[in-house]
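1. return a 3D structure for these sequence lines:
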Amino acid sequence: MSRATDVVDRLAGPVVPVNICFTEDDAVDYAAMERYVDWLCTERVPVVLLTYGSSEFAALSPDEIWQLTELFARTVAGRSLFVASTGYYTIDESRDFLRRADQAGVDAVKVQINPWLGQGRDVIVRYFDGIRDATEMPLIVWGAWPDPYPIDAVRELAQREEVVGIKNDGDPFYAYYDMLRATADQSFAVISGGQMRNFMFGHPLGAAAYLCTVAPFRPAIALEFYAHLKAERTKEAWAMVERYEDRWLKAAVDHDWLGSIKVAMELYGLVPNARLRSPRTGLDAEARDAVRNTLIDVFGEP
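-> Okay, the predicted model is just below:
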């Protein structure tokens, strides 16, 4: 079995995007990150992901992104599938990152092309042309641009053995379904961004992996939901969406998603604080209380 085939087979179930913990002096708390990722693996999370938004890449230096990548690869150590991500790098910088990630033991890399380079098929395909021979690292596309991601580019890249999937952060429904249909005959994973609810519709069309709004702090719930879908227990799966995700997500989004998810991780003892890195700020006391009350109401006391 090739590395690419193995990664596609393992891109199944809940994917946990890792939120980064910071110390009081605004430094990355690597020790806290190591403990958290180790806990995710002991909880049998299928896929651990470093990614642009949840992992606050906009506030991290390239060296910090690399240190986290190396730390997570060493901590995961094959217990889960570890997907790293590039920053907004030049082609040469991405090639270097891929080589180092390969040596560090990363399983796959999500390639994050800066949207300011352009959003057409030619730019996307040329970028992947420029990095494809750097290593044999399996690659994942990032569909996160404001304009519809070009389906012809997705279809073309899906035919390449080293390109194993796409994480859709664009339109949650139409673009997601178009990608699933366009690549149905390929060994290619279309990963739903964001919600269990989205995955309810994508799974019957062949989607196998999904990001989940509760998995970062309650992975057992995400795994139970996935088991229901695999067993075609649709009624039970919908009940979990309504019981957990719908109630939690409304409060979290109302009070800023990133700040809210960090409050959840702090509340349940997974990280020491809920800080965002400067210049962003975490939730104020009133918002923290509202999010905390929702969490306890939906998921129970810590």
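2. now stretch 194-211: buried residues?
-> 194-200, 202-203, 207-211 (16 or more other C-beta atoms under 10 Å). No exception for glycine: its C-beta is placed from N, CA and C like everyone else's.
3. and of the residues you listed, the nearest to Phe173?
-> The nearest member of the buried residues of stretch 194-211 to Phe173, counting by C-beta to C-beta, is Asn198 at 7.1 Å.
4. that closest one: which element?
-> helix 196-202 (DSSP states H and E).
5. for that helix, give the mean pLDDT please.
-> Computed over helix 196-202, the mean pLDDT rounds to 92.
6. how about stretch 22-34?
-> Averaging pLDDT along stretch 22-34 yields 97.
7. what's next to it, contact-wise?
-> Residues outside stretch 22-34 that contact it (C-beta atoms under 8 Å, 6 or more residues apart in numbering) are 18, 20-21, 60, 64, 67-68, 71-72, 75, 271-273, 275-278.
8. now swap in stretch 244-264 and tell me
-> 19, 53-54, 56, 195-197, 212-214, 216-218, 221, 271, 273-276, 280, 282-283, 287-288, 290-292, 294-295, 297-299.
9. helices along this protein, start to end?
-> Secondary structure of the chain, counting by DSSP state H: helices at 3-10, 30-42, 62-76, 91-104, 121-131, 151-158, 174-182, 196-202, 219-230, 234-240, 246-254, 257-267, 285-299.
10. other SSEs contacting the lowest-mean-pLDDT helix or strand in the chain?
-> The least trusted helix or strand in the chain, going by mean pLDDT, DSSP states H and E, turns out to be helix 174-182, with a mean of 89. If you count contacts as 3 or more C-beta pairs under 8 Å, 6 or more residues apart in numbering; DSSP states H and E, helix 174-182 packs onto helix 151-158, strand 163-168, strand 189-192, helix 196-202.
11. any idea which of the helices of the chain gets closest to Val83?
-> Val83 sits nearest to helix 3-10 of all the helices of the chain, at 8.4 Å, using C-beta to C-beta.
12. which helices and strands sit right next to that closest one?
-> When contacts are defined as 3+ C-beta pairs under 8 Å, 6+ apart, helix 3-10 sits against strand 163-168.
13. average pLDDT for the strand it packs on?
-> 94.
14. low-confidence ranges in the stretch 1-150 of the chain?
-> Along the stretch 1-150 of the chain, segments meeting pLDDT under 70 span 1, 145-148.
15. could you rerun that using 80?
-> The model of the stretch 1-150 of the chain has pLDDT under 80 over residues 1, 144-148.
16. for stretch 273-290, the distance to its chain's centre please.
-> Distance of stretch 273-290 from the chain centroid (C-alpha atoms, centre = their mean, to the nearest Å) equals 22 Å.
17. not counting it itself, show me its contacts.
-> Applying C-beta under 8 Å, 6+ apart, the external contacts of stretch 273-290 come out as 20-22, 24, 26, 56, 59-60, 251, 255-256, 258-260, 262-263, 265-266, 291.
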